[in-house]
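Colleague: coords please:
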Amino acid sequence: MHITSSAFTNQGAIPVLYTCEGRDVSPPMAWSDVPPGTKSLVLIVDDPDAPDPAAPKMTWVHWVLYNLPPTANGLPERVKTLPEGTREGVNDWKRTGYGGPCPPIGRHRYFHKLYALDTLLPDLKQPAKSKLEEAMKGHILSEAQLIGTYQKGG
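Modeller: Sure thing, here's the model as predicted:
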């Protein structure tokens, strides 16, 4: 399974448009080679370098989506309507939806992680990442990741 974005390359810089210094909209995402038997997909975007890459203390969660249909092959830029059946979890701003990179110091890494599951998860009522990961245990068929980086300008 593979995950890509037409906006940035793996290990490449995320354009300002998709950050708190730009329009803070979701980047276009595409994926392929979803394994047979996949019943749903999960997308988690997080930053393990918070608050300072030189001394990380936590992983900041930017986006949590689950029960994406296995027939979906990506999400458009500025996604407004999610594929039918998709559920949202909460990010670390305590809201659903995409929250772009906004690092307080240094260049951070943003992991866009896609998981193929052998099940459709129950409605978890806007779970935090940890609750979703717990529900995914034992159901992951495949995973892929795309890492983008960002450092505030100026």
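Colleague: Run a quick neighbour tally on the closest residue to Gly89 other than its chain neighbours.
Modeller: Distance criterion C-beta to C-beta, 6 or more residues apart in numbering; nearest residue to Gly89, sequence neighbours excluded, is Val64 at 3.0 Å. To be clear about C-beta, it is placed using only N, CA and C from the backbone, and glycine gets the same treatment. Around Val64 there are 27 other residues, counting by other C-beta atoms under 10 Å.
Colleague: Same check on the one 4 residues further on?
Modeller: Around Leu68 there are 26 other residues, counting by other C-beta under 10 Å.
Colleague: who's it bridged to?
Modeller: Here Leu68 shows beta-bridge partners Leu41, assigned using DSSP bridges.
Colleague: re the thing from before, what mean pLDDT would you report for the helix or strand the residue nearest to Gly89 falls within?
Modeller: Using DSSP states H and E, Val64 maps to strand 58-68. Here strand 58-68 scores 98 as its mean pLDDT.
Colleague: which residues are contacting that strand?
Modeller: For strand 58-68, contacts defined as C-beta atoms under 8 Å, 6 or more residues apart in numbering pick out 26, 40-48, 50-51, 82-83, 85-92, 96-101, 110, 120-121, 124, 127-129, 132.
Colleague: Any buried residues in it, and which?
Modeller: Within strand 58-68, the residues scored as buried using 16 or more other C-beta atoms under 10 Å are Trp60, Val61, His62, Trp63, Val64, Leu65, Tyr66, Asn67, Leu68.
Colleague: For those, give me TSV that also has distance to Leu141.
Modeller: Output for these, formatted as TSV (distance: C-beta to C-beta, whole Å):
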residue	distance to Leu141
Trp60	27
Val61	23
His62	24
Trp63	21
Val64	19
Leu65	17
Tyr66	14
Asn67	15
Leu68	14
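Colleague: closest to Tyr150 among those residues?
Modeller: Nearest to Tyr150 among the buried residues of strand 58-68: His62, at 10.8 Å, using C-beta to C-beta.
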